[in-house]
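> Sequence unavailable; structure follows:
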């Protein structure tokens, strides 16, 4: 398992943007997923990127607003989140799996970060 560290969360007004980052030694080449969780609900897969960066998926709720990218030379994956809405509030987790194929469902991932809080409020 990897030790994933997320960063970049914070408080932002509706319509604002943030750039979330996920870093870990050995992350290069592994598929990474981003998940969103609010209290009382299950984690929702919102984006994932395959090990080489050519496979990318988004949940319908974030398409056109969020962009995932990676730099395997730096062992990082980033999620650019734009046009944020109050319903985007929650904890954002990144997760990694040993394979290069990415999925939007959590059981496929075996390494998780601690999460970063995003609050969208005026």
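Nice, I can see it. As the structure is a computational prediction, the values presented were derived from the model and not from experiment.

> distance of residue 77 from residue 117?
Distance of residue 77 to residue 117, given as Cβ to Cβ, to the nearest Å: 18 Å. In this view, the C-beta of every residue, glycine as well, is placed from N, C-alpha and C.

> okay, these two: which has more neighbours?
Ranked by neighbour count (other Cβ atoms under 10 Å), residue 77 and residue 117 place residue 77 first, with 30 against 12.

> Pull the contacting residues for that one.
By Cβ atoms under 8 Å, 6 or more residues apart in numbering, the contact set of residue 77 is 21, 22, 23, 27, 32, 34, 49, 68, 69, 70, 94.

> again, but for residue 103
By Cβ under 8 Å, 6+ apart, residue 103 lies in contact with 31, 33, 45, 48, 57, 97, 109.

> Pretty sure residue 98 sits against residue 30.
Yes. Using Cβ atoms under 8 Å, residue 98 is in contact with residue 30, at 6.3 Å.

> The two - which one has more neighbours?
Looking at residue 98 and residue 30 with other Cβ under 10 Å, you find the greater number of neighbours at residue 30, namely 25 against 15.

> quick one, what contacts that one?
Applying Cβ under 8 Å, 6+ apart, the residues contacting residue 30 are 2, 51, 96, 97, 98, 99, 100.

> Between the two ends of stretch 72-91, how far is it?
Distance across stretch 72-91, first residue to last, is 24 Å (Cα to Cα, to the nearest Å).

> buried ones in stretch 105-121?
106, 108, 109, 111, 112, 113, 115, 116, 118, 120 (16 or more other Cβ atoms under 10 Å).
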